[in-house]
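Asks: A predicted structure for the sequence below; I have some questions about it.
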Amino acid sequence: MDILEVKNLCKVYGNNEIKINAVDNISVNVKKGEFVTVIGESGSGKSTLLNCIGGLLNPTSGEVYIKGKNIYSLDEEERTIFRRQNIGFIFQSFNLIAELNVEQNIIFPILLDYKKPEEKEVDEILNILGLLDRRHHLPSQLSGGQQQRVAIGRALITKPMLILADEPTGNLDTKTGEEVIELLLKASELYNQTILMITHNLKLTNYSKRIIKIVDGKVKVDVKNNNNRGN
Ligand SMILES: Nc1ncnc2c1ncn2[C@@H]1O[C@H](COP(=O)(O)OP(=O)(O)OP(=O)(O)O)[C@@H](O)[C@H]1O
């Protein structure tokens, strides 16, 4: 079964006078374990698409199935719980909580579900992301690349099947960006997770087997990349 099915998705911003078809009838399927990069010019609709897929932004029409569940058939509260349990988000601005240390930031999503984090699993994530010796540091005491690794840890800790990443390397230099993506792939392979990642950095598409190009809210190209290094 495909982990993600997007059917005839549309998102229109504005009203009759100024109407923007930000996502214009997109249908796309993604299999479990796939790493897909999403590219396209600024304003082409990439973030809108990702936010609709992630249940953060209600589409105007169309359907999003995750693990066979139509997420927009759920009410808001059900969707929030489903999202927390099944989707990990990584954003360009790391969105860490300044007052919490590395370990506390990573386990935060588990605490939100009133669960107790497994020490072994936290150590495993810290280890794979190279953060074991930073576990008690605050975000302000970390480099950009380290902060993004914490954000990745936070996205992975609940072992969601789907990771949605919006320009995760946008605030990092090229080398750090590549290192972070390599760690993201290593970690997600461990849990057989599916990743949909928006990037402006075409070099990063080399890591993925599949590239989707968005033009004016539509899927223009959906190709398999033979030159992949990751996955
Ligand atoms: N809240 C909003 N209200 C009105 N229009 C919006 C809103 N958010 C986005 N848009 C418009 O929708 C279109 C798609 O925007 P979106 O942010 O999805 O593009 P993007 O491809 O992610 O761009 P970028 O690469 O610059 O982040 C753009 O024309 C944008 O101006």
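Replies: Ah, there it is. Numbering: from 1, shown residues only.
Asks: give the contact list for the residue nearest in space to the middle of the chain.
Replies: When the chain is reduced to its mean C-alpha position, the nearest residue by Cα atoms, centre = their mean turns out to be residue 164, at 1.6 Å. Applying Cβ atoms under 8 Å, 6 or more residues apart in numbering, we find residue 164 in contact with 50, 53-54, 87-90, 195-197. For the C-beta atoms, the positions are set from N, CA and C on the backbone; glycine is no exception.
Asks: Could you list the buried residues of stretch 157-177?
Replies: Residues of stretch 157-177 classed as buried by neighbour count (16 or more other Cβ atoms under 10 Å): 157-158, 160-169, 171-172, 176-177.
Asks: returning to that earlier point: what bridges to the residue nearest to the centre of the chain?
Replies: As for beta bridges, residue 164 partners with residue 89, residue 196 under DSSP bridges.
Asks: measure it to residue 100 for me?
Replies: Using Cβ to Cβ, to the nearest Å, one obtains 22 Å as the distance from residue 164 to residue 100.
Asks: now residue 28
Replies: Per Cβ to Cβ, residue 28 is found 35 Å from residue 100.
Asks: Could you pick out the residues of the protein near the ligand for me?
Replies: Proximity of the chain to the ligand is confined to 13-14, 20, 22, 40, 42-48 under the rule Cβ under 6 Å from any ligand atom.
Asks: What are the buried residues along the helix ranked longest in the chain?
Replies: Counting residues, the longest helix in the chain under DSSP state H turns out to be helix 174-190. Neighbour-count burial for helix 174-190, with 16+ other Cβ under 10 Å as criterion, is recorded at 176-181, 183-185, 187-188.
Asks: And the helix-or-strand element of the chain with minimal mean pLDDT, what does it pack against?
Replies: For the chain, using mean pLDDT, DSSP states H and E, the weakest element among its helices and strands is helix 174-190, scoring a mean of 86. Here helix 174-190 is seen to pack against helix 119-128, helix 144-156, strand 162-166, strand 194-198 when contacts are counted using 3 or more Cβ pairs under 8 Å, 6 or more residues apart in numbering; DSSP states H and E.
Asks: if I've got this straight, residue 11 is in a strand?
Replies: Yes: with DSSP: H, G, I helix; E, B strand; the rest coil as the criterion, residue 11 is located in a strand.
Asks: Disregarding flanking residues, what is the spatial nearest neighbour of it?
Replies: Closest residue to residue 11 in three dimensions, ignoring its sequence neighbours and counting by Cβ to Cβ, 6 or more residues apart in numbering: residue 23, at 4.1 Å.
Asks: In terms of helices and strands, where is the one you found?
Replies: strand 19-31 (DSSP states H and E).
Asks: residue contacts, residue 49?
Replies: When contacts are counted by Cβ under 8 Å, 6+ apart, residue 49 touches 9, 11, 23, 26, 38, 214.
Asks: how about low-confidence regions in this structure?
Replies: Residue ranges of the chain with pLDDT under 70: 226-231.
Asks: hmm, back to that, so which of residue 28 and residue 100 has more stuff around it?
Replies: Counted by other Cβ atoms under 10 Å, residue 28 and residue 100 do not tie: residue 28 has more neighbours, with 19 against 15.
Asks: measure the more buried one to residue 112 for me?
Replies: Relative to residue 112, and taking Cβ to Cβ, residue 28 is found at 29 Å.
Asks: And residue 56, by the same measure?
Replies: For residue 56, the distance to residue 112 equals 16 Å [Cβ to Cβ].
Asks: Residue 71 now?
Replies: The value you get for residue 71 to residue 112, if Cβ to Cβ is used, is 18 Å.
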